[in-house]
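1. quick one, structure for this:
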Amino acid sequence: MQIGIDFGTTNTVVAMIGNDGAPVVLPLDPAAPESGTLRTLLYVERDGMIHIGSEAVELHREQNVGRLPRFAKAWVGVIDIELGDAVVKGYEIKGGAMSVEVFADVDADAPGRLMHSLKGPLATEYTGTKIFDREYTLEELIAEFLVRVRKRIQDLTGNEACEAVFGRPVVFAGARHDADNVRAQERLRHAAEIAGFTRVAFEQEPIAAGLAFGASQAPWATADSVAHSYADGAHAMVFDFGGGTLDIAVLRMYADGSQAVLATGGVAIAGDHFDQLIFRRAILPWLGERVKWGPQRLDMPTHLLDALGDWQDVLSLCNAPTLAFLRQVQAECTSPIRILALEDFIFKGYAFDLYSRVEQCKRELSDRRFALTGFDKEAISIWQPVTRRQFESYIARDGRDIKEMVLDTVARAGLSAEQIDFVIRTGGSSSIPYFVDMLGGMFSRAHLTESDLFTSVASGLALRAAQL
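-> Model (predicted):
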């Protein structure tokens, strides 16, 4: 089988080559087979059972939402420290080496843990985490997800899936040097091998999207609105804007569907980042950001507010000292109900659902001039409209960086903006009107076309697998 796997930050898509030679997207998620996408989520239960996609979300909601944790001290390990000489209350104390046992607060009744953005840390120094009584490396966590994807491929096709072409971003999130990208790819390869893939190849995601575009020429070659016919030597720029990264490829396209890669570029700005901007600017005030507390009317601690930027980071706040602090603040602050809402947000499992509602608000702003983030659960009562103009003000600085990166990539291809014949948008974030308008202004001579937003990369990876 020729299989392409787009293992994404937000969604995972798998395509294979059908009997007619065209790529076919597999319905990986039984809860939404028509979409062709599977949420890149992993839910680990206390007994070791693991679930992915929609099933992971539903179990998380069923087992965690509304439940207040019960904290207990758990032994973490022993650390060795070196103390210097000191004078305490007039007594000289000799320093030296000593060992200290370390304990941490854990939720003694937690039924499971939801993991997301498994792809995000691949280029960083992040090694893994402990979930209940087991230590998982990052590669093992990704492998747990991929082994279940592989099983679904086999169930859907009746064939064992051992070989695949995986997509990879041009620049992995968190990569500072080329060596980081190399290491990230090798970590992903290792995870795939743990999952049972015996032969793994890679292709950059925007190049794969270009292959899918080139394999189906008819839609643009015959459209009445196309100002430039598709011919040998036409120049295309792929704008692949997903949940974790933005990837660019400038290609020379040929009439037989093949292509030459002229330049690539990438930046770790994408949909998840925009969700965080909306959350920080529009939602945090509902969760106590501007509350003053104590006799001195202090600001809320920066470290606490910063940890709310990503729903998975909220786990770092779920401990007994944070709970005690929030209850102290509630007794002597300017808005106790906001702090009570923050308590429920952190400790009763509502973070994932509220972030999901923020993501939905962002998507709605692509079709409407304003969208409403409404969320009403226990003490959390949020009613926050966001206009498209507000959202565009949030992302304007990132937009300038993206525009600069796009122009630099085109220049490295030896071309000017006027020489680009086609701009191919793919990935969910590429439909944001701010960027559609930006591309239209930058490439006014080019034909802007929207490829299959969520499946074109996987289709191109399957085509690359067929070539290999």
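2. chain neighbours aside, what residue packs nearest to Tyr394?
-> Leaving aside its chain neighbours, Tyr394 sits nearest to Leu277 (4.4 Å; criterion: Cβ to Cβ, 6 or more residues apart in numbering). Placement of C-beta: from N, CA and C, glycine included.
3. Leu59 sits in which helix or strand?
-> helix 53-64 (DSSP states H and E).
4. in three-state terms, label Pro295 for me.
-> coil (DSSP: H, G, I helix; E, B strand; the rest coil).
5. so who does it touch?
-> Residues near Pro295 by Cβ atoms under 8 Å, 6 or more residues apart in numbering: Glu332.
6. I'd like the next helix or strand past the helix or strand of the chain with the lowest mean pLDDT.
-> The weakest-scoring helix or strand in the chain, judged by mean pLDDT, DSSP states H and E, is helix 218-221 (a mean of 41). Under the assignment DSSP H and E, the closest C-terminal helix or strand after helix 218-221 is strand 234-241.
7. strands paired with that next one, and their directions?
-> Paired neighbours of strand 234-241 in the sheet (DSSP bridges): strand 246-253 (antiparallel), strand 422-426 (parallel).
8. could you dump the ones you listed into CSV with mean pLDDT, mean neighbour count and distance to Val238 added?
-> Formatted as CSV, the strands paired with strand 234-241 follow (pLDDT from 0 to 100; neighbours: other Cβ atoms under 10 Å; distance: least, Cβ to Cβ, whole Å):
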stretch, mean pLDDT, mean neighbour count, distance to Val238
strand 246-253, 96, 26, 4
strand 422-426, 96, 25, 5
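9. any chance of CSV for those strands, columns distance to Met300?
-> Output for the strands paired with strand 234-241, formatted as CSV (distance: least, Cβ to Cβ, whole Å):
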stretch, distance to Met300
strand 246-253, 33
strand 422-426, 40
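10. list just the one of the ones you listed that sits closest to His303.
-> Among these, the nearest to His303 by Cβ to Cβ is strand 246-253 (29.2 Å).
11. the next helix or strand after that closest one versus strand 234-241: what angle between them?
-> Past strand 246-253, further along toward the C-terminus, the next helix or strand under DSSP H and E is strand 259-267. Interaxial angle of strand 259-267 relative to strand 234-241 (axes from the mean of the first three to the mean of the last three Cα atoms, to 10 degrees): 30 degrees.
12. quick check: mean pLDDT across strand 259-267?
-> Averaged over strand 259-267, pLDDT sits at 96.
13. from the contact counts, what lies against whichever helix or strand comes after that strand?
-> Counting by DSSP H and E, the element after strand 259-267 in chain order, helix or strand, is helix 271-278. Applying 3 or more Cβ pairs under 8 Å, 6 or more residues apart in numbering; DSSP states H and E, we find helix 271-278 packed against helix 351-364, helix 388-412.
14. got those as TSV, with mean pLDDT, distance to Ala97 and mean neighbour count columns?
-> Below are the helices and strands packed on helix 271-278 laid out as TSV (pLDDT from 0 to 100; distance: least, Cβ to Cβ, whole Å; neighbours: other Cβ atoms under 10 Å):
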stretch	mean pLDDT	distance to Ala97	mean neighbour count
helix 351-364	95	41	19
helix 388-412	97	48	16
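15. can you redo those helices as a markdown table with distance to Thr129?
-> Output for the helices and strands packed on helix 271-278, formatted as a markdown table (distance: least, Cβ to Cβ, whole Å):
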| stretch | distance to Thr129 |
| --- | --- |
| helix 351-364 | 17 |
| helix 388-412 | 29 |
